[in-house]
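Asker: Whatever this is, show me its structure:
(2 chains)
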Amino acid sequence: MRPRPPLGNPFQILLLACSFALAGYAGVRLFADDWTAVALWLVGAALLHDLVLLPLYSLADRALVRGLGAARRREWTMYVRVPAALSGLLLLVWFPLISGMVDRRYRTATGLSADGYPARWLLITAVLFGGSALLLAVRLRRATKRRPPAVH
Amino acid sequence: MRRQRFVMGCAPLHQPLPAYRRIMRDDRPRLPSSPGFWRSPLRGPWFTSMLGLVLLVGITVLFVTGLVSYAAYNPGLDPVNDQTPGKGFLGFYLFAWPTNPHWLYRATQGLHVTLGITLIPVLLAKLWSVVPRLFALPPARSLAHALERISLLLLVGGGLFEFTTGVLNVQLDYVFPGSFYPLHFYGAWVFFAAFVAHAVLKVPTALRNARRRRAGQEPGAHAAAGEPLTAAGPGGGDLVSPRPDPPTVSRRGALWFVGGASLLLFATTVGQSIGGALRRTALLAPHGGADPGSGPNGFQINKTAAYAGIDAAETGEEAWRLVVTGRTGTVRLGRADLLRMPLHSSALPIACVEGWSTADQWWRGVRLRDLAALVGHDGDPPDVFVESLQRHGAFRRAALRANQVADPRSLLALYVNGEELSPDHGYPARIIVPAAPGVLNTKWVARLTFGDL
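Answerer: Below you'll find the model as predicted:
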């Protein structure tokens, strides 16, 4: 006789059964119109994040740390990582406006122009990197000043 | 020494595992299923728990304000207000939407959208912090564990689905499969079902982890320092990398980083819900920056006359007639007839489901309850069914409840800020009701039908 797989915590099973019941009730309605497309979006969102977005930015970060490490400047990592991540985040969130892909609808619906978005995003990016570089420069300078004179 | 100074914050030191433990563990670094594949020294129960607790509060607020927004549409009043007629018991909590305070929807929906955008970095950081568990083997240790992992697909997929549809909708990027309302509403319930289960299972551990750190005894730090690691134990020690890279930032520093990212999104968004001079600070938000025009009609527009397909020939003095129907029959009123009725003023905002809003504008027009009285509803005005000249679009028709009609500030507005309405703001006449969502403030009104709906 094969050993039966363990059940685990019965409270957890009960809780998750309740959760699935509610999710199922809403899910039937969510999937009512175009279930394949909605399922694709729901599962696709998780897969796209976990298997594409996250590995991509992890690899970029690893490359940054390795690159700076090779240049013996590993301690500068955050000065590049922070502005790059913030700029990337803004691009991710406001991509439709920044990329201009909703340009026409945005213009006709709201009476506003979407022309300024890419420029504003670039400007914010410039300020982020500039501010970070300035901070690094100030700290480097301070560190040089504080360094005690060489003792012979 | 000199270089140490530039490491932001101070990181806990992780000693390498003793050799015998390294042999016991499956640390082949090429496979994400092996713990050794994950090298960040930041991952650990404290980091995950702190982010989880922020999301616990934040997502609860998002869910509640979302349900509130659904109630604000008065979906139970008439099918035209209801984008999700098949909701069943998911509308169990619905109530008659009040008209006080007049900024109510402005506040709840501004909070919903601004908080949602602000939480994106926290959500991403939280998912990053637990990603090793996605690949953990064996796939299921028990039935309960298998069910939990299925639930996590709903949690992560549902959460990302909600955030994505919301972010796309406020940017008018309607690429999602279907109408926004049912997708975001039913999606929210699927997500919330998984969220509640996850919270019940994890909050006790998260609170314990958060407290332990304060007492300086984080389980992760101990595990990394050589204490036994549980396979995927409830404590979260499994999140700690067994062979971490040297740190470039402390866990506390990383948390500040996430908080800073949230602050940046907040600061570049919130202005579109406050208006005035602060609108210009919403640098990337859809209704930030400059107003579409100048002067009395210069404030933000949801849908322009051109977008709604309003023909100027229909709105002219000669052509346009307002058809008002009630208990005593139907009257047809031109703009000149309306101007001969008693005109009243009210200062009310436009607040959109997309989260942006305007400061109070000064509207002037005929009270809805006076129009009701004109067709035989004296003293006790009923509900009203409003129809626009607009030929298509979900809210070209809208229903208002009796309490909204009865409010003395509810107007069929003809003027705004001392000037005639512009075509984009609904000339010749538009509805304006305190605390109602923007789309219920119908523009280019053609017909009002009073009576219980």
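Asker: Count the neighbours of residue 96 for me.
Answerer: Answering for chain A, as no chain was given. 23 (other C-beta atoms under 10 Å in any protein chain shown). Backbone N, C-alpha and C define where each C-beta goes, glycine included.
Asker: Chain B is the one I meant
Answerer: Here the number of neighbours of residue B:96 (other C-beta under 10 Å) works out to 13.
Asker: Surely it touches residue B:74?
Answerer: Yes. Using C-beta atoms under 8 Å, residue B:96 is in contact with residue B:74, at 7.1 Å.
Asker: what sits in contact with each of those two?
Answerer: Common neighbours of residue B:96 and residue B:74 (criterion: C-beta atoms under 8 Å, 6 or more residues apart in numbering or on different chains): residue B:401.
Asker: Could I get the average pLDDT for the longest helix belonging to chain A?
Answerer: Counting residues, the longest helix found in chain A (DSSP state H) is helix A:116-146. Across helix A:116-146, pLDDT averages out at 95.
Asker: That one near chain B at all?
Answerer: Yes. Using C-beta under 8 Å from any C-beta of the partner chain, helix A:116-146 comes into contact with chain B via A:116, A:117, A:120, A:121, A:124, A:139, A:140, A:143.
Asker: From these, keep the buried residues only.
Answerer: Buried members of these, scored by 16 or more other C-beta atoms under 10 Å in any protein chain shown, are A:116, A:117, A:120, A:121, A:124.
Asker: The helix or strand where residue B:263 lies: which residues count as buried?
Answerer: Using DSSP states H and E, residue B:263 sits within helix B:251-267. Within helix B:251-267, the residues scored as buried using 16+ other C-beta under 10 Å are B:251, B:252, B:253, B:254, B:255, B:256, B:257, B:258, B:261, B:262, B:264, B:265.
Asker: My guess is the third one contacts residue A:78. True?
Answerer: This points to residue B:253. Yes. In terms of C-beta under 8 Å, residue B:253 counts as a neighbour of residue A:78; the distance is 7.5 Å.
Asker: Closest one of the buried ones among the residues of helix A:116-146 next to chain B to chain B?
Answerer: Chain B has its nearest neighbour among these in residue A:120, at 5.1 Å by C-beta to the nearest C-beta.
Asker: So that closest one sits against residue B:284, correct?
Answerer: Yes. The pair residue A:120 and residue B:284 passes the contact test of C-beta under 8 Å, sitting 6.2 Å apart.
Asker: What score does residue B:160 have for pLDDT?
Answerer: We have a pLDDT of 98 for residue B:160.
Asker: so what's it up against?
Answerer: For residue B:160, the contact set (C-beta under 8 Å, 6+ apart) comprises A:45, A:46, A:49, B:123.
Asker: Name the helix or strand for the closest residue to the third one other than its chain neighbours, please.
Answerer: In this case it means residue A:49. Leaving aside its chain neighbours, residue A:49 sits nearest to residue B:160 (5.7 Å; criterion: C-beta to C-beta, 6 or more residues apart in numbering or on different chains). Here residue B:160 sits within helix B:143-170, counting by DSSP H and E.
Asker: In that helix, which residues are buried?
Answerer: For helix B:143-170, the neighbour count (16+ other C-beta under 10 Å) marks B:143-148, B:151-152, B:154-170 as buried.
Asker: Could you tell me how many residues sit around the residue in the stretch 251-400 of chain B that chain A sits nearest to?
Answerer: Per C-beta to the nearest C-beta, residue B:292 is where the stretch 251-400 of chain B lies closest to chain A, at 3.8 Å. The burial count assigned to residue B:292 is 17, neighbours taken as other C-beta under 10 Å.
Asker: Let me know the secondary structure of it.
Answerer: coil (DSSP: H, G, I helix; E, B strand; the rest coil).
Asker: Wait, it touches residue A:112, no?
Answerer: Yes. Look at residue B:292 against residue A:112 with C-beta under 8 Å: they come within range, at 5.2 Å.
Asker: show me what contacts residue B:389?
Answerer: So residue B:389 contacts B:310, B:314, B:315, B:444, B:445, B:446 (C-beta under 8 Å, 6+ apart).
Asker: how far away is the residue nearest to the fifth one when sequence neighbours are not counted from residue B:311?
Answerer: Nearest residue to residue B:445, sequence neighbours excluded (C-beta to C-beta, 6+ apart): residue B:429, at 4.9 Å. Noted for residue B:429: a distance of 16 Å to residue B:311, by C-beta to C-beta, to the nearest Å.
Asker: And for residue B:444?
Answerer: 10 Å.
Asker: gap between residue B:186 and chain A?
Answerer: Going from residue B:186 to chain A by C-beta to the nearest C-beta, to the nearest Å gives 4 Å.
Asker: need the contact list for that residue.
Answerer: Counting by C-beta under 8 Å, 6+ apart, residue B:186 touches A:26, A:27, A:29, A:30, B:84, B:87, B:90.
Asker: Which of these has the largest number of neighbours?
Answerer: Among the contacts of residue B:186, residue A:30 has the most neighbours (other C-beta under 10 Å), with 26 neighbours.
Asker: check contacts around the residue nearest the centre of chain A.
Answerer: Central residue of chain A (C-alpha atoms, centre = their mean): residue A:89, 5.4 Å from the mean position. When contacts are counted by C-beta under 8 Å, 6+ apart, residue A:89 is found next to B:120, B:121, B:124, B:261, B:264, B:265.
Asker: Centre of the chain to the biggest helix by length in chain B, how far?
Answerer: Secondary structure assigned by DSSP H gives helix B:180-214 as the longest helix of chain B. Computed by C-alpha atoms, centre = their mean, to the nearest Å, the chain-centroid distance of helix B:180-214 equals 17 Å.
Asker: before we move on, what about stretch B:326-334?
Answerer: Counting by C-alpha atoms, centre = their mean, stretch B:326-334 comes out at 40 Å from the chain centroid.
Asker: Restricting to C-alpha, output it in PDB.
Answerer: C-alpha atoms of stretch B:326-334 as PDB (Å, rounded to 0.1, in the frame of the first residue of the first chain):
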ATOM      1  CA  GLY B 326     -43.400  63.500 -14.300                       C
ATOM      2  CA  ARG B 327     -46.700  62.700 -12.600                       C
ATOM      3  CA  THR B 328     -48.600  65.500 -14.400                       C
ATOM      4  CA  GLY B 329     -47.200  64.900 -17.900                       C
ATOM      5  CA  THR B 330     -44.400  66.300 -20.000                       C
ATOM      6  CA  VAL B 331     -43.100  69.800 -20.400                       C
ATOM      7  CA  ARG B 332     -40.500  71.000 -23.000                       C
ATOM      8  CA  LEU B 333     -38.200  73.800 -21.900                       C
ATOM      9  CA  GLY B 334     -35.800  75.900 -23.900                       C
END
